[in-house]
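Asker: Take a look and give me a structure for this.
(chains A and B)
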Amino acid sequence: MTAIPGSPHSRSQRDGQRLFAFLAILTVTAISPGTATGQTQPADSAGSWITRSRLVFGASRYAQDVSEAPASVTIVTAEEIENLGLRTLADIVALGAGVFTHYDRNYAYATFRGMSRQSDFNTRILLLIDGHRVNDAGTDASGIGTDALIDVTAIERVEIINGPGSALFGTNAFFGVVNVVTRHGRSLRGLGLRVEGASFGVSRGALTWGGRQPAGAEILVSMAAERREGSDLYYPEFDTSSTRGIARGLDGERAYRALVKARRGDFSFLGASSLRLRRVPTASYSTTFNDPRLRNDDRTATAVVKYEHAFADLSRLFVSTAFDRYEYEGTWPYDDMVTRDYNDSRAWSLAAEYLQFLGSGSKLAMGGEARWLNSGRIGAWDETANGERVELFSLDRSTFTGAAFGQLEWRLGDHAILYAGARHDWYESFAGTTNPRVALVVRPRGGLTVKVLHGRAFRAPNLYELHYEDAGQTQKAPPGLAPETVESSELSLEHQLGSRAWATVSAYTVRTRALINLRTDPSDGLLVFANEGQPRSEGIEFKLAGSLGRFRVRAAYALQQAQDDALQTPVNSPRHVGYASASVPIRGNRGTGSFFVRHVGARPTLDGSTAPAYTLVGAALLARPLAGPLEVSAQVLNLFDVAYADPGGEEHVQQILPRDGRSFRLGVRYRF
Amino acid sequence: MFERGTGFARLSGPLRHRQRPFALAVAGALVLLASQATPVTASHGWRSATPYHVIVHSDNPLRELSRDQIAAYFLKRRTTWPNGAPVDPVDLPPDSRARFDFSREVLRRSPNDVSAYWIQEIFAGRTEPPEVKGSDAAVVAYVSSAPGAIGYVSAMPNNSFVRVLVLIP
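Answerer: From the prediction side, this is the model:
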């Protein structure tokens, strides 16, 4: 294997030998060619007329079947999360067709359809929790790595929706929408405890409790903690006599997450909070290498109260109000000082939607949203060696945004649905923007679905882009910024294979306009944000998901070509992205064995070099050896210890940032 | 969501004979028009022409119910009988003629609308749709063994443990 400098492989080899042997023995002895049918949810059984694993909310702001939805959708269920040993939201999102994630040893990023924007903190993806927006109201950032708000143990399903979604959800629904659906309390039926250990000094613990009270109320409580010691990382760019290029013990982090969800009648409440404390080993933003003071801390909290009522004519009203808070604190050490920066946003929001049934399945959804960022604070200061504090900048803004939207789902006879919708968003910083979407979904004959999709989306400039300036030292605030926009067209064909598998092929074009980029103003040499980029992408995606015989399978491959303004492939944009997994039940329904492989093609780096293509193979075992409440899970990731790396961002000296080598996990779960 | 070999039509009507789509489309349209043209509030003609029979267990003291009451039980908007016992509705398959007519005339919505209603309920984790039985016989067998059950069948049942309800307008 080719060794990429900094890749912590050797350490993983020894500490994983026993785990690997354990996994191999369990796999060989437990998987049999028996007739086990695997785990299925009750309503997915034969004869059921609604397949709940095929329901999606984020495509239309109401639940519907994936085949009827006006979008390309990938659904990842809790069962799949368990079977494949997915541990972060980034792991889950990467199962979307044409989606891959990369990691800079601080934050995880998702790229949809080759449209990578390095270090954009996932601002061009809308992240929803149970349909509620959780992108930071001040900077638009959304956390999908260890900084994510929701622990995977509390997830019922994740909807990964490719393409623009602003016609329903407004800003940030630019390249895609990710809707995380949390578990229902009644699905847990008691207390569950999970403990897991893994390579690189990773340990995790999670406790879930849920149930339904006799009075009809449901409650779910989930708490999770995670710790990573990490390993020493070698970066040749910093190989000097003093450090030898080794960042010692700086890959560690701790993360804590809590979730409370309750429902009674038409009312429900969701409260969630997360805290992630991370050291950063990459010396990003020109900080001092191998300095343990470099750290980023992220706190996220949300509280949502929802009212959902079905009227006698079956029409439905959704009303929700929410409070969201996001806090970030960074410590950036330099030789003669420490720079500290922060972001603290608090936002209230109110949303209402009315879903009217028009007969024969046609529907009209209309609603509105209001969001008040009552405190958006961003700032930074230097602490000099003698303790002096030098303010670099600070701002505290409050903004109000409002929106109205509507979508008609019009059934044209028995075999076609026409969707037409639009949303208008009002902003204080610019007048407003209207974003439409139209879609035609046709089922010409049984099993075949054809979708023609076209839509436009936008991302509003955030507080940082609009207002950041450092008193003329390096950067100034722009006189104004317009929202960046994207327009996408897509043709999708889906065919049902057997009773529980679907194959899909999609061809698409994505065209952006007026992307907000940081550039240098030639008149004064200062950095300033401006609307100037218009990268584009075209591609074709193949997807297979479902059950084939005894196997639960998922496969996705995307052939894509993205171009930036100079007609070059953008940084971190691969031409090929592929994923495949297969899970097979263990004898006597006593667990599941899974294998998976991921391929990401070569990607340009910032200096024009290349981050090589990589193919990773892994395996997972979920076993109930005593056929009781005890479950044992074991996984091996990057089985062949492939050295691979992701391109670094502008803030990194490194052109590539190596990822982890082979690693092992072993965990137990007990349901009381 | 729906089994192989179905399109949206499956929720639109009793389209069992999918091998002849054009004829069926015409027939389905006619059925749809006919069902919409028939005033479901015309109680005398409605009751005598009904292609389904609503049944409960013979221990159930009720003899008659209004369509709105039946709809409330089938949509699970009401979950207990007047005596406090839980209601246990059972349904026929989505492609059955009786279900189509029952949906149109009792629930007063198209099967597609009813399906969409259940999808919202399931997704929100609120309630589950009635259990589906594969045939009249299966519905009769279930209702005859479950005191809280209510179902409907296309043919008059011949079972002493079930009672056919009188439908009041």
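
Asker: what about residue 152, how many residues close to it?
Answerer: The chain I'm using is chain A. By other C-beta atoms under 10 Å in any protein chain shown, the residues close to residue A:152 number 22. For the C-beta atoms, the positions are set from N, CA and C on the backbone; glycine is no exception.

Asker: hmm, I had chain B in mind actually
Answerer: 27.

Asker: Let's see the pLDDT reported for it.
Answerer: On pLDDT, residue B:152 comes in at 96.

Asker: What of residue A:428?
Answerer: 87.

Asker: ok, now residue A:446?
Answerer: Taking residue A:446 on its own, its pLDDT is 76.

Asker: Can you tell me the closest non-neighbouring residue to residue A:312?
Answerer: residue B:77 (7.5 Å; C-beta to C-beta, 6 or more residues apart in numbering or on different chains).

Asker: And the residue of chain B that's closest to chain A?
Answerer: residue B:112 (2.8 Å; C-beta to the nearest C-beta).

Asker: hang on, that residue packs against residue A:314?
Answerer: No: using C-beta atoms under 8 Å, residue B:112 is not in contact with residue A:314, being 10.8 Å away.

Asker: number of nearby residues for residue 99?
Answerer: In the absence of a named chain, this looks at chain A. By other C-beta under 10 Å, neighbour count at residue A:99 equals 25.

Asker: Please refer instead to chain B.
Answerer: Quick note: residue B:99 (other C-beta under 10 Å) scores 22 neighbours.

Asker: Would you agree the residue nearest to residue A:312 falls within a helix?
Answerer: No: read with DSSP: H, G, I helix; E, B strand; the rest coil, residue B:77 is coil and lies in no helix.

Asker: Is it in contact with residue A:314, as I believe?
Answerer: No: taking contacts as C-beta under 8 Å, residue B:77 lies outside contact range of residue A:314: 9.8 Å.

Asker: between the two, who's got more neighbours?
Answerer: residue A:314 (22 against 14).

Asker: what sits against the closest residue to chain B within the stretch 501-650 of chain A?
Answerer: In the stretch 501-650 of chain A, the residue that lies nearest chain B is residue A:501 (9.8 Å; C-beta to the nearest C-beta). By C-beta atoms under 8 Å, 6 or more residues apart in numbering or on different chains, the contact set of residue A:501 is A:544, A:545, A:546, A:547, A:548, A:553.

Asker: Can you list the residue ranges for helices in the stretch 1-150 of chain A?
Answerer: A:10-15, A:17-30, A:78-84, A:89-93 (DSSP state H, counting those that start in this stretch).

Asker: That should have said chain B, apologies.
Answerer: B:21-37, B:43-49, B:67-74, B:97-102, B:111-124, B:136-145 (DSSP state H).

Asker: which residues does the nearest residue to residue A:392 once chain neighbours are set aside bridge with?
Answerer: Closest residue to residue A:392 apart from its sequence neighbours, by C-beta to C-beta, 6+ apart: residue A:380 at 4.3 Å. Under DSSP bridges, the beta-bridge partners of residue A:380 are residue A:341, residue A:393.

Asker: Can you tell me how far residue A:380 is from residue A:329?
Answerer: Noted for residue A:380: a distance of 11 Å to residue A:329, by C-beta to C-beta, to the nearest Å.

Asker: Find the residues that touch each one of the two.
Answerer: What both residue A:380 and residue A:329 touch, as defined by C-beta under 8 Å, 6+ apart, is the set A:340, A:341, A:342.

Asker: What is the nearest of those residues to chain B?
Answerer: residue A:342 (37.7 Å).

Asker: Which one of residue A:380 and residue A:329 is surrounded by more residues?
Answerer: residue A:380 (18 against 15).

Asker: on that earlier part again, tell me who's in contact with the residue nearest to residue A:392.
Answerer: By C-beta under 8 Å, 6+ apart, the residues touching residue A:380 are A:339, A:340, A:341, A:342, A:392, A:393, A:394, A:470.

Asker: Quick one: buried ones out of these?
Answerer: Buried members of these, scored by 16 or more other C-beta atoms under 10 Å in any protein chain shown, are A:339, A:340, A:341, A:392, A:393.
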